[in-house]
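Novice: Need the 3D shape of this:
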Amino acid sequence: MRWPRATAPAWIVHAGLLVCALGAVVAYLPAGAGGRATIYTVVVVASILLFVQALLAGHLRHRRPWLVAIAGLVLLLADHLIWPYWIIDGHLGRAEGRPADLMLAAAHGLFMVGAGMAVRARMSADASGIVDGAMFGVCAGGVLWAGVFQPHMPADATPLGMTQVLIDVLALCAVTGCLLRMAAAATGPARGTIHYLLVTVLLTAGAPAAGALGVPYRGTWSGLLMMLAFMTMAAGAVHPGAPMVVEPQAVVERRASRFRLGWLGLALSVNPAIAAVQALRGIGAADPLLPISMLLVIPLVLVRFKQLSGQRDKAEQVLAFQASHDELTGLVNRRQIMADIDRALDRRQAVTLLLCDLDGFKPINDRHGHAAGDEVLRTVAARLTALVGPDGEVGRLGGDEFLVLCRSGTESDIAGLQDLIRSTVLAPIPLPGGVPVTVGVTIGAARAAAGSGLDRAGLIAQADTAMYAGKPGHRQHTAA
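Specialist: Numbers count the residues shown, from 1 in each chain. Coordinates of the predicted model:
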């Protein structure tokens, strides 16, 4: 079987899902218990096989995470085969704490872990937004538990069963928050697959909600929602955007604005507020399970703080680099090289300055444009940096002037370095258009012996005089 490429139209998947879903629903509703169990099994097996086929055909990239997700699906199938009437008889979401419930929760968790591993590269582009989405989801899950699930728990609900339902609700809400964030930031075909995964999670969450609320025909609703969840999951796997959902997208840079932090703070305060209201109402003890949602938020808050700290450190590093470096060439700028000269002189060590001024740069700028001139400056900067050893430093003073600071080396070494700079800079420089250009360089050298007492201004003046002497007829360059 030749798998459709990513260029296939998405409407085929949408149409196929709609036809299959309508057929399954029409067959499921009038069937008896045995017929419903059979139809449910056929849908689950077909969805898993379609998912596996997408993986084997290479449509789903990065096999290991998807194999973990498939293991979760197989565990779901095993749960249904062992207890075929558990869902369709309305036990789902009733907090009975039976092995069927625990196995179902483990299967859901395994699938979500595998899917999360698969889309990790895409989530890393907006890591802060994903963590925020998960926190909003967990906080919303606490509200749903306190306002919808917990008040409708049956009298025979066990503590283990209620804990399992609560964790299911919180996990599904956290995943929903992450997927909503991903869907909002996604572009291109991958967005369709993310939408299908989002619908899958919402349908999966709706199945236990129907059971917990005790709605009429809750077994029918739970079975239908779970069956449709399998179908949308398979549709997401075969969607043309599935190959791209594991690929990283463009990095999303978002500042933590006051508005955004305000909403986040409000969300984090909801669950403690609910617990306080329950205690103040005095109608029984406050829900002892609600603190679980608060505990789950703590690691997310710590991760968020770490992200904010990392963003601040990165911003400080960028600002420090921009303050001390030339934007065009990446060399240290005039202010920084002057400070480095002062530090070298303060250590009373021998210091040599090479003041380099390019010859023939202005005609290149006039004839080929400023973009070509910028390319020449970047190339010369890279060549000078490659020639200077670890004890030296290259800075750009401005325009076409560069300054080389040598903290060691004999006079013979410095003379050899000057000859090497002249020959290296003179090599042709290819421009983006393919036309090579050449520039020369005039070098003015000045040396301060250890303990000479010569200051930076005097040293640069000597280098400038020497450089000017090497360029008869040209304008004098003042670098002090």
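Novice: ok, Ala95 to Ser452 distance?
Specialist: Counting by CB to CB, to the nearest Å, the gap from Ala95 to Ser452 is 86 Å. For glycine as for every other residue, the C-beta is placed from the backbone atoms N, C-alpha and C.
Novice: now swap in Pro299 and tell me
Specialist: Where Ser452 is concerned, Pro299 sits at a distance of 61 Å (CB to CB).
Novice: Flag the shaky bits of the protein, pLDDT-wise.
Specialist: 1-8, 249-268, 270-272, 274-295, 300-301, 304-305, 307-308, 311, 451, 472-480 (pLDDT under 70).
Novice: show me the residues around Gly109 that make contact.
Specialist: The contact partners of Gly109, taken as CB atoms under 8 Å, 6 or more residues apart in numbering, are Gly72, Ala171.
Novice: Val131 - that's part of a strand, no?
Specialist: No - Val131 is assigned helix when assessed by DSSP: H, G, I helix; E, B strand; the rest coil, not a strand.
Novice: and it, how many neighbours?
Specialist: Burial of Val131 is recorded as 23 neighbouring residues (other CB atoms under 10 Å).
Novice: That one reaches Val303, doesn't it?
Specialist: Yes - the pair Val131 and Val303 passes the contact test of CB atoms under 8 Å, sitting 5.4 Å apart.
Novice: circling back: ok, Ala95 and Ser452, which is more surrounded?
Specialist: A side-by-side neighbour count of Ala95 and Ser452, using other CB under 10 Å, places Ala95 first with 26 against 14.
Novice: And what about the more buried one, helix, strand or coil?
Specialist: Going by three-state DSSP: Ala95 is coil.
Novice: Could you double-check that it sits in contact with Gln150?
Specialist: No - Ala95 is beyond contact range of Gln150, at 9.4 Å (criterion: CB under 8 Å).
Novice: shared neighbours of these two, anything?
Specialist: Contact criterion CB under 8 Å, 6+ apart; residues shared by Ala95 and Gln150: Met162.
Novice: which non-adjacent residue is nearest Glu401?
Specialist: Asp357 (5.3 Å; CB to CB, 6 or more residues apart in numbering).
Novice: who does the helix or strand encompassing Leu358 pair up with?
Specialist: For Leu358, the host element (DSSP states H and E) is strand 351-359. Strand partners for strand 351-359, identified by DSSP bridges, are recorded as strand 401-406 (antiparallel), strand 440-448 (antiparallel).
Novice: buried set for the next helix or strand after that strand?
Specialist: For strand 351-359, the following helix or strand on the C-terminal side (DSSP H and E) is helix 361-368. Neighbour counts over helix 361-368 (16 or more other CB atoms under 10 Å) mark Phe361, Ile364, Asn365, His368 as buried.
Novice: so which of these comes closest to Arg407?
Specialist: Phe361 (27.9 Å; CB to CB).
Novice: Quick one: the helices in the stretch 201-350 of the chain, in order.
Specialist: Ranges of helices in the stretch 201-350 of the chain, per DSSP state H, counting those that start in this stretch, are 218-238, 258-281, 290-324, 334-346.
Novice: Need the residues that contact the shortest one.
Specialist: To tie it back to what came earlier, the one meant is helix 334-346. 323-325, 332, 351, 353, 393, 395-398, 403, 405, 407, 448, 454-456, 459-460.
Novice: Just the buried ones out of the residues you listed, please.
Specialist: Neighbour-count burial (16+ other CB under 10 Å) is assigned, among the contacts of helix 334-346, to 325, 332, 351, 353, 393, 395-397, 403, 405, 407, 448, 454, 456, 459-460.
Novice: how about those, which pair is most distant?
Specialist: Farthest-apart pair in the buried ones among the contacts of helix 334-346 is His325 and Leu454; separation 26.9 Å (CB to CB).
Novice: picking that back up, going by distance to Ala27, which of the buried ones among the contacts of helix 334-346 wins?
Specialist: Out of those, the member with the shortest distance to Ala27 (by CB to CB) is His325, at 69.1 Å.
Novice: Would you mind measuring from the residue nearest to Glu401 to Ala171?
Specialist: Applying CB to CB to Asp357 and Ala171 gives a distance of 66 Å.
Novice: domain assignment for this protein?
Specialist: For the chain, automatic domain parsing gives the domain ranges 11-247, 334-469.
Novice: What segments of the protein are strands?
Specialist: All strands of the chain, identified by DSSP state E, fall at 351-359, 392-398, 401-406, 429-430, 436-437, 440-448.
Novice: closest one to Trp145 among the ones you listed?
Specialist: Nearest of the strands of the chain to Trp145, taken as CB to CB: strand 392-398 at 61.6 Å.
Novice: Cross-check the contact I'm expecting between Ala125 and Glu247.
Specialist: No - using CB under 8 Å as the test, Ala125 is too far from Glu247 to be in contact (10.0 Å).
Novice: Pick out whichever of these two has more residues nearby.
Specialist: Neighbour count, other CB under 10 Å: between Ala125 and Glu247, Ala125 has more, with 17 against 14.
Novice: How about the contacts made by Arg64?
Specialist: With CB under 8 Å, 6+ apart, Arg64 has these contacts: Met117.
Novice: separation between it and Ser124?
Specialist: Distance of Arg64 to Ser124, computed by CB to CB: 17 Å.
Novice: Likewise for Ile460?
Specialist: 48 Å.
Novice: Asp455 too?
Specialist: 51 Å.
Novice: Then Gln322?
Specialist: Distance from Gln322 to Ser124, counting by CB to CB: 25 Å.
Novice: now Ala95
Specialist: Per CB to CB, Ala95 is found 36 Å from Ser124.
Novice: Equivalent analysis for Pro208, please.
Specialist: Pro208 is 31 Å from Ser124, by CB to CB.
Novice: Between these two, point out the one with more neighbours.
Specialist: Taking neighbours as other CB under 10 Å, Pro208 and Ser124 compare with Pro208 leading, 28 against 12.
Novice: Ignoring the adjacent residues along the chain, who's closest to the more buried one?
Specialist: Gly93 (3.1 Å).
Novice: now the helices for the stretch 1-150 of the chain?
Specialist: Under DSSP H, counting those that start in this stretch, the stretch 1-150 of the chain gives helices at 11-28, 33-56, 63-82, 99-118, 120-124, 127-144.
Novice: who does the shortest one touch, helix- and strand-wise?
Specialist: It stands for helix 120-124. Where contact means 3 or more CB pairs under 8 Å, 6 or more residues apart in numbering; DSSP states H and E, helix 120-124 is packed against helix 159-185.
Novice: Can you mark which positions in the helix it packs on are buried?
Specialist: Neighbour-count burial for helix 159-185 flags 161-162, 164-183, 185 (criterion: 16+ other CB under 10 Å).
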